[in-house]
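Visitor: Structure here, sequence nowhere to be found:
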Ligand SMILES: *Cc1c(COP(=O)(O)O)cnc(C)c1O
């Protein structure tokens, strides 16, 4: 039997980060001592008070359909979060709860983009963005950046990429995969270009709380009413509350966009899991006490890995003030990213994601969301691997 796959699906590449994770897990299961730097999730557990809220919801029989856009209590708690942390006024009707930040990105793309539209994506990019743009029938337009600018797009680059077909500009700060964080001034300069050119901004702020070295997060929507009118914020519980498996995210947008996304959800996923939403309410209303310990630990690992990478022959790594990733440059090894990561896995049992997955073939992504012990072991292996190449 020949199965005709739709054009829509046939153009997609499956997620390479998830594939590397799976491969490393398989090797581990086979008894191989793998060091995994591939993961895209915190290695900490969801805080107990969040689990308790979801357990209580289950026990109370909160197990039925909810409104497709989320329970009113959670939409209000999210509106309160934007007010409290970002100085942003959103009505609960402008907030849509989803099955993860990824789901929100996808639905925004489906609500706004179609054939003939262009979506500007800075590279290195989170690997799902271009695929989602393609799923919506639109065309990704990539702006290349390198470590010489800490992977930041300049306003001039953005301006040059805008055409009369441009629909959206995707901004992700702090960034996955680079860990790069735009300063408030840089955010404003890019936001100003979008406002001037009437381009909408999809601002993926999922790493908002994961910052180091005194870096601050500036939501582009909070700069002025005009910026807010041009912005859709995507966010979620996965990273700062370590709730990746809960599948819970949200977005905030101008009313007509929120309405369109709610309609899409009502005909596709319906509501995000009922009791997970109760966990979300607890997360937003609870203390952020857990975060301090996590950030201290992340900062220690980051400093260690950063120092080691820059001391390794053939590698250089630029500063990265957010998320839990470093994005070292491998051009000194003479290899491209797929070969580098494949050999690193085969020879030294170290799993990392080749930069090509993120549109940047001279780099790889190292996630430090793993124990210090693993990082020390992994860095030693990477050093040995690179030293061997230099001979
Ligand atoms: C993790 C992540 C998300 C959201 O993940 P979900 O698990 O779907 O909430 C969104 N954007 C980026 C850049 C991410 O790294």
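Guide: Happy to help now that I have it. Only a predicted model underlies this, so the values are computations on that prediction, with no experimental measurement involved.
Visitor: Which stretches in the chain count as strands?
Guide: For the chain, the strands defined by DSSP state E occupy 35-36, 95-98, 118-123, 139-144, 166-172, 200-204, 231-236, 249-252, 325-326, 350-351, 353-354, 364-367.
Visitor: Would you format the ones you listed as CSV with distance to the ligand and mean pLDDT included?
Guide: Quick note: C-beta positions are derived from backbone N, CA and C, even for glycine. CSV is the format used below for the strands of the chain (distance: least, C-beta to the nearest ligand atom, whole Å; pLDDT from 0 to 100):
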stretch, distance to the ligand, mean pLDDT
strand 35-36, 17, 94
strand 95-98, 8, 98
strand 118-123, 12, 98
strand 139-144, 15, 98
strand 166-172, 5, 98
strand 200-204, 5, 98
strand 231-236, 4, 98
strand 249-252, 4, 98
strand 325-326, 9, 98
strand 350-351, 18, 96
strand 353-354, 12, 94
strand 364-367, 10, 97
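Visitor: Now these in JSON lines, please, with extra columns for mean neighbour count.
Guide: Listed next are these as JSON lines, based on neighbours: other C-beta atoms under 10 Å:
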{"stretch": "strand 35-36", "mean neighbour count": "24"}
{"stretch": "strand 95-98", "mean neighbour count": "29"}
{"stretch": "strand 118-123", "mean neighbour count": "24"}
{"stretch": "strand 139-144", "mean neighbour count": "16"}
{"stretch": "strand 166-172", "mean neighbour count": "24"}
{"stretch": "strand 200-204", "mean neighbour count": "25"}
{"stretch": "strand 231-236", "mean neighbour count": "27"}
{"stretch": "strand 249-252", "mean neighbour count": "28"}
{"stretch": "strand 325-326", "mean neighbour count": "26"}
{"stretch": "strand 350-351", "mean neighbour count": "24"}
{"stretch": "strand 353-354", "mean neighbour count": "26"}
{"stretch": "strand 364-367", "mean neighbour count": "28"}
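Visitor: so what's residue 218 up against?
Guide: 182, 183, 184, 187, 188 (C-beta atoms under 8 Å, 6 or more residues apart in numbering).
Visitor: Could you do residue 265 as well?
Guide: Per C-beta under 8 Å, 6+ apart, neighbours of residue 265: 68, 69, 96, 98, 107, 271.
Visitor: Help me confirm that the second one comes into contact with residue 92.
Guide: No: with contact defined as C-beta atoms under 8 Å, residue 69 does not reach residue 92; the gap is 9.1 Å.
Visitor: Which residue of those two possesses the greater neighbour count?
Guide: Each of residue 69 and residue 92 has its neighbours counted (other C-beta atoms under 10 Å); residue 69 has more, 25 against 19.
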